[in-house]
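J.: Let me see the structure of the following:
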Amino acid sequence: MPLVEVTLAHGRSDEQIRSMMTAVHEAVLATVGTRPEHIRVIVREVPRTHWATGDRTIAEMFETPPED
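T.: The predicted structure follows:
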């Protein structure tokens, strides 16, 4: 039973997430050789204030220009 977990910063529409889930499901089905009902796709959304890169949250990155 393949299980694919995707973590995204919060902010995408339900339609975008659903479309991605379909694409991931189809990719696993095409490459792994399992039955469709055995594929699991989990999407986790993280608040942009709870995800940091280089000590700046994603929210901060979109609020202010980066410093050189």
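
J.: Could you list the low-pLDDT ranges of the protein?
T.: 65-68 (pLDDT under 70).

J.: what about the strands in it?
T.: Along the chain, the segments classed as strands by DSSP state E run 3-9, 40-46, 52-53, 56-57.

J.: Point out the one among these that comes closest to Ala27.
T.: Ranking these by proximity to Ala27 (CB to CB) places strand 3-9 first, at 8.7 Å. Any C-beta I mention is one placed from the backbone N, CA and C, and that applies to glycine too.

J.: For the closest residue to His10 other than its chain neighbours, name its beta-bridge partners.
T.: The spatial neighbour of His10 that comes closest, neighbours along the chain excluded (CB to CB, 6 or more residues apart in numbering), is Glu45 at 4.4 Å. Counting by DSSP bridges, Glu45 is bridged to Leu8.

J.: I'd assumed Asp14 was in contact with Glu45.
T.: No: between Glu45 and Asp14 there is no contact, the gap being 10.7 Å when judged by CB atoms under 8 Å.

J.: Give me the more crowded residue out of these two.
T.: Counted by other CB atoms under 10 Å, Glu45 and Asp14 do not tie: Glu45 has more neighbours, with 13 against 7.

J.: For Val28, the count of nearby residues, please.
T.: Counted with other CB under 10 Å, the neighbours of Val28 add up to 19.

J.: Verify the stated contact: Met1 with Thr34.
T.: Yes: at 7.3 Å, Met1 and Thr34 qualify as touching, with contact defined as CB under 8 Å.

J.: All set, thanks.
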